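In: Quick one: sequence plus predicted model below, questions after.
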Amino acid sequence: MKHRLLTAAIVCLLLLAWGFWPRPAIRRAIFLAVGQGDCTVIQSGDTAILIDTGPKRARDDAGERLVVPKLRKYGINRVERIILTHPDGDHVGGTGAVLARYPSAKLVASSGFEGNDQMVAWIQSWRAQLKDVQWLTSGAFDFGGLRFDIWCPSVSAATPDNDGSVCTRVAGSKGSLVITGDLSGDREAELIAVTGWRSDILKVGHHGSKSSSSAQFLAAIQARAGIISCGRENSYRHPHPETLKRLEDAGIRAFRTDTDGDLIYDFDTGRLTKGD
């Protein structure tokens with residue numbers, strides 16, 4: 001009897017210890033399926049940095065309908081920053097809904113877009129203050145055990161918005177990823193010339209458009225997997241067959257949010273899996 005009581009007491013103590021024992025923080029990237037648009041969540045513990053926020057159209061706000069509910073689902077209680085790659089509605093349209101739920105989030109954008117009419121109009125529509133936006137050039141910072149490297153292409157009045165896209169490399173203990181927004185092949189060449197960003201995971205540029213993901217860029221990045229964010233049966237026919245062929249030729253396995261749903265990359269194990 002005493003032996004059974006002792007065993008039960010030990011089990012209870014172990015269970016209590018397990019409940020209070022600090023567990024390693026989750027460090028992962030979640031490529032959200034948001035239709036024909038883009039939203040990547042970089043999560044450390046219960047805090048996140050968002051790179052774009054999904055599309056908003058006349059009758060559909062993916063930020064409200066998809067992004068905010070998914071942030072809750074994945075255990076995110078705080079959004080520290082929202083990096084706006086460029087002012088296209090399929091990338092930044094959901095920001096207003098995210099800010100309504102996470103009002104302390106800091107807006108971050110390329111300094112090349114500081115006077116851009118479309119970017120300014122978006123920011124004002126969210127009732128955010130232009131003076132509070134963090135206007136980036138290039139640089140690096142740490143977030144929850146992850147390193148962010150940022151490259152902002154030079155922008156002139158004649159530069160298409162896509163080619164001003166903020167580019168980001170995020171690295172953890174067992175892997176890294178690169179996100180280039182809608183950057184075209186010409187600017188990709190400039191990126192690899194100044195950064196040399198080899199990475200394990202590539203967020204395939206411009207939803208798999210044939211104008212991005214050049215053979216030279218793919219060879220420089222040397223990724224093992226490419227994530228394509230696109231909508232089912234989208235009118236742009238993304239991803240383009242030429243892009244898929246270039247990925248295949250480079251030995252990069254393609255994953256798609258339109259067919260695979262949310263995709264999750266764990267920075268501490270290097271594993272890429274499908275979402276819940």
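Out: Arrived safely, thanks for sending.

In: which residues does the residue nearest to the spatial centre of the chain contact?
Out: The chain has Thr40 as the residue nearest its centroid, 2.3 Å off, counting by CA atoms, centre = their mean. Residues near Thr40 by CB atoms under 8 Å, 6 or more residues apart in numbering: 29-32, 50-52, 179, 203, 229. The way it works is simple: take the backbone N, C-alpha and C, and place the C-beta from them, glycine included.

In: What of Ile201?
Out: With CB under 8 Å, 6+ apart, Ile201 has these contacts: 29, 175-178, 223-227, 265, 272.

In: hang on, the earlier thing: which phi and psi values does the residue nearest to the centre of the chain adopt?
Out: phi -120, psi 130 (degrees, to the nearest 10).

In: That one pairs with what?
Out: Phe31, Ile51 (DSSP bridges).

In: separation between it and Glu242?
Out: Distance of Thr40 to Glu242, computed by CB to CB, to the nearest Å: 24 Å.

In: Find the residue closest to Asp149 in space, skipping its chain neighbours.
Out: Take Asp149 and drop its neighbours on the chain: the residue closest to it by CB to CB, 6 or more residues apart in numbering is Arg169, 4.4 Å away.

In: Revised request: answer the last question for Tyr265.
Out: Of all residues not flanking Tyr265 in the chain, Ala29 sits nearest, at 4.5 Å (CB to CB, 6+ apart).

In: Local confidence estimate at that neighbour?
Out: Confidence at Ala29, expressed as pLDDT, is 98.

In: How far does the strand or helix carrying Ala121 sit from its chain's centre?
Out: Ala121 belongs to helix 117-125 when assigned by DSSP states H and E. Centre-to-centre, helix 117-125 and its host chain are 21 Å apart (CA atoms, centre = their mean, to the nearest Å).

In: buried sites along that helix?
Out: 119, 122-123 (16 or more other CB atoms under 10 Å).
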